[in-house]
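1. return a 3D structure for these sequence lines:
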Amino acid sequence: MKFIAMKTDDGRIKGKIASYRRLLHVSRQGFYKYLNSKDRPWKYQALADAMMTILAKDEYNDTYGRVRMFQALLIKHPEGVYIPSERTVYRVMDGIGLSHHPKGNPME
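-> Residues are numbered from 1 along each chain as shown. Okay, the predicted model is just below:
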């Protein structure tokens, strides 16, 4: 969410919340939810780091799709990393730019 605010030196927001909400076209609840969560770390950062480690070990690992990455995570099972479903692995890969799009069959 985009956030534009005029802040004072001590970090407090000056101005009325209603004017910010109108400017950004968001609800009051959405505005406060953003303010509370903007400094929170990403939920899947440890999983993303484990994926990058798997890819860095071998130069041919860059062709890993979601299925192979999920299987590699299950086999290696990095310590302290929760491995969710294959779909979540796909979303995290897409979020960090590791999406693999296989080419079509050259025989067709």
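2. ok, the spatially most central residue of the chain to R22 distance?
-> Centroid-nearest residue in the chain: G95, 4.8 Å away (criterion: CA atoms, centre = their mean). Going from G95 to R22 by CB to CB, to the nearest Å gives 31 Å. (Glycine included, C-beta is placed from N, CA and C.)
3. helix or strand next in line after the longest helix seen in the chain, which one?
-> When the chain is parsed with DSSP state H, its longest helix is helix 45-57. Counting by DSSP states H and E, the next helix or strand C-terminal to helix 45-57 is helix 66-76.
4. following the chain past that next one, name the next helix or strand.
-> helix 86-96.
5. mean confidence score for that next one?
-> Helix 86-96 shows a mean pLDDT of 92.
6. between that helix and helix 45-57, how many degrees?
-> Angle, helix 86-96 to helix 45-57, by axes from the mean of the first three to the mean of the last three CA atoms, to 10 degrees: 80 degrees.
7. format the CA atom coordinates belonging to helix 86-96 as PDB.
-> The C-alpha coordinates for helix 86-96 follow below in PDB (Å, rounded to 0.1, in the frame of the first residue of the first chain):
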ATOM      1  CA  GLU A  86       3.700 -26.800  -2.900                       C
ATOM      2  CA  ARG A  87       1.400 -23.900  -3.700                       C
ATOM      3  CA  THR A  88       3.000 -21.700  -1.100                       C
ATOM      4  CA  VAL A  89       6.400 -22.600  -2.400                       C
ATOM      5  CA  TYR A  90       5.200 -21.500  -5.800                       C
ATOM      6  CA  ARG A  91       4.000 -18.200  -4.500                       C
ATOM      7  CA  VAL A  92       7.200 -17.500  -2.600                       C
ATOM      8  CA  MET A  93       9.300 -18.400  -5.700                       C
ATOM      9  CA  ASP A  94       7.100 -16.000  -7.700                       C
ATOM     10  CA  GLY A  95       7.500 -13.300  -5.000                       C
ATOM     11  CA  ILE A  96      11.300 -13.500  -5.100                       C
END
